[in-house]
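Colleague: predicted model and sequence follow; I will ask about them next.
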Amino acid sequence: MAEQEKSVIVCGIDGSAHAETAVRQAARLARANDAKLALVAVNPLSSASGHPDIRAWKAEEQDAILMRAMAEARRHCKAVEAVTTEGHDVADALIAAAGALGADHIVVGTGDRKGLVNWLMGSTAKAVAARAPVSVTIAR
């Protein structure tokens, strides 16, 4: 009998404190469900105007974000991988990565404090929750 493939949980990371909270929650969820955890870092691409996106990371910054997130995730579960991708829209890139990985769950953090709606739920978290075709957990 063939072994059933593990489910995959994707967690978006960006080095922020709310992303660290999401990593802990995603790792615990992965452990509890015997799932694989994929930590996805989306490096924002330049805008259509040709100006660099101010949120874009240098290679060493991205590596540091991935290493910190991997270390935290491995404290809670063992089946962890790191994935990097790029995109003009972080939410769309995270959802696309989840689709490519065959994920059935996405975990994102929120903590932005811009405007009333974004105070309740960060703009990326809001967009992922609205557009993802799979279950989404928003960690605060």
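Modeller: Arrived safely, thanks for sending.
Colleague: ok, then the element right after the lowest-mean-pLDDT helix or strand in the chain?
Modeller: Least confident element among the helices and strands of the chain, by mean pLDDT, DSSP states H and E: helix 115-120 (a mean of 44). Counting by DSSP states H and E, the next helix or strand C-terminal to helix 115-120 is helix 123-131.
Colleague: in that next one, which residues are buried?
Modeller: 124-129 (16 or more other C-beta atoms under 10 Å). To be clear about C-beta, it is placed using only N, CA and C from the backbone, and glycine gets the same treatment.
Colleague: for stretch 6-15, same thing?
Modeller: Buried-residue list, stretch 6-15, by 16+ other C-beta under 10 Å: 8-14.
Colleague: what do you get for stretch 92-104?
Modeller: Applying 16+ other C-beta under 10 Å to stretch 92-104 flags 93-95, 97-98, 101, 103 as buried.
Colleague: got the phi/psi numbers for the closest residue to residue 61 other than its chain neighbours?
Modeller: Excluding its sequence neighbours, the residue lying closest to residue 61 (C-beta to C-beta, 6 or more residues apart in numbering) is residue 15, at 7.6 Å. With angles defined as degrees, to the nearest 10, residue 15 sits at phi 90, psi 0.
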